[in-house]
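*Asks:* Just the structure for this:
(one chain, ligands or ions: 1)
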Amino acid sequence: MSYNTIITEHQGDIMIITINRPDQLNALNGATIEELNKALALADINKAVRCIILTGAGEKAFVAGADIKEFARFSVSEGSMLAARGQKLLFDFVENMSKPVIAAVNGFALGGGLELAMSTHMRVASDNAKMGLPEVTLGVIPGYGGTQRLAQLVGKGKAMEMITSAAMIPAAEALDWGLVNAVVPQADLMNKCLEIAARIAKNSPTAIAAAIRSVNAGFRDGQNGYTTEITEFGNCFGTADFTEGTTAFLEKRKPTFTGL
Ligand code: COA
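*Replies:* Sure thing, here's the model as predicted:
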């Protein structure tokens, strides 16, 4: 599959997706959102892919937001459609992937860029990264899940401050706040993400998918995370991965998981 706005590459069982509009600081336009959806959907069903790393091209930006040039003249209904379509195709889609997505935040992650990073399962930032939700400076609010996921990650008070002040925070502060899992020098960012991905790739894909569903259930209206966990835990006992994992332990060898 070839794309115009993203680059996909495989390193063993790890897939790297790079948003590739560096002259526009990788701003998310409609075409980029659609291509990301296609690439992620293919990765989700590809048994050879165990973990995905999402990053931005160049050294300056992960993603500097939704493409302001594209939506500047939108009407009320077009604005609603933009948020609904983006959430469905990309942000909710990433969050609900069956395999972990790691955001390698290599520079500015602003607006839709930070929202994209927050919809992934974990974030590693380079030390030059800056994060913020500057939408209110444009007369709009975060529309790709930012008002919800930022409050989930850093708490309501800090989320309110970040959203209403539109302040950008440096990577070190994002680490203090729990917005990112780790901060490393920019030159080490991809290696750090590959290291985490390689550890993930060794584990049972069926169990990882069940864990993602269980964690997500706790943040979803109308679902009880504990009940979901009980169901998902029980279902693990019917998988080949469970048989392999427990047998390998008892036989004192490393497991080979098939994701079945
Ligand atoms: N949408 C569309 N284009 C964007 C963009 C966005 N969110 N962010 C950056 N760009 C474009 C700029 O318009 C510029 O394009 P041009 O050369 O065609 O004029 C190019 O990327 C480079 O950006 P520039 O602003 O010149 O870089 P800078 O180093 O001076 O500033 C930022 C960097 C990130 C501070 C600045 O680009 C910015 O504030 N971007 C918008 C951030 C934002 O509000 N995001 C939320 C959107 S909802």
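*Asks:* ok so Thr55 is a strand residue?
*Replies:* Yes. The assignment for Thr55 is a strand, going by DSSP: H, G, I helix; E, B strand; the rest coil.
*Asks:* Could you double-check that it lies in contact with Phe62?
*Replies:* Yes. Counting by Cβ atoms under 8 Å, Thr55 does reach Phe62; the two are 6.6 Å apart. Glycine gets a C-beta too; all of them are placed from N, C-alpha and C.
*Asks:* Identify the contacts common to those two.
*Replies:* Contact criterion Cβ atoms under 8 Å, 6 or more residues apart in numbering; residues shared by Thr55 and Phe62: 19, 103-106.
*Asks:* Just among the residues you listed, which is most surrounded?
*Replies:* Val105 (33 neighbours; other Cβ atoms under 10 Å).
*Asks:* Could I get the pLDDT score of that one?
*Replies:* Val105 carries a pLDDT value of 98.
*Asks:* can you tell me which helix or strand the closest residue in space to it that isn't next to it in sequence belongs to?
*Replies:* Among residues not flanking Val105 along the chain, Ala125 sits closest, at 4.1 Å (Cβ to Cβ, 6 or more residues apart in numbering). Element membership for Ala125, per DSSP states H and E: strand 122-126.
*Asks:* by contact count, what packs against that strand?
*Replies:* Packed against strand 122-126 by the contact rule (3 or more Cβ pairs under 8 Å, 6 or more residues apart in numbering; DSSP states H and E) you find strand 101-105, helix 171-177, strand 182-184, helix 189-201.
*Asks:* Just confirm Ala117 contacts Arg123, I think it does.
*Replies:* Yes. Here Ala117 lies in contact with Arg123, judged by Cβ under 8 Å, at a distance of 5.1 Å.
*Asks:* okay, and the common contacts of these two?
*Replies:* Common neighbours of Ala117 and Arg123 (Cβ under 8 Å, 6+ apart) are 103, 105, 180.
*Asks:* Mind checking what secondary structure the last one has?
*Replies:* So that's Val180. Going by three-state DSSP: Val180 is coil.
*Asks:* residues contacting it?
*Replies:* 105, 117, 123-125, 129, 131, 171, 174.
*Asks:* and the residues you listed as a markdown table, adding distance to the ligand?
*Replies:* Formatted as a markdown table, the contacts of Val180 follow (distance: Cβ to the nearest ligand atom, whole Å):
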| residue | distance to the ligand |
| --- | --- |
| Val105 | 13 |
| Ala117 | 13 |
| Arg123 | 18 |
| Val124 | 20 |
| Ala125 | 15 |
| Ala129 | 12 |
| Met131 | 11 |
| Ala171 | 15 |
| Ala174 | 16 |
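*Asks:* Of all pairs in those, which one is the farthest apart?
*Replies:* Spatially, the most separated pair among the contacts of Val180 is Val124 and Met131, at 12.6 Å (Cβ to Cβ).
*Asks:* Okay then, goodbye and thanks.
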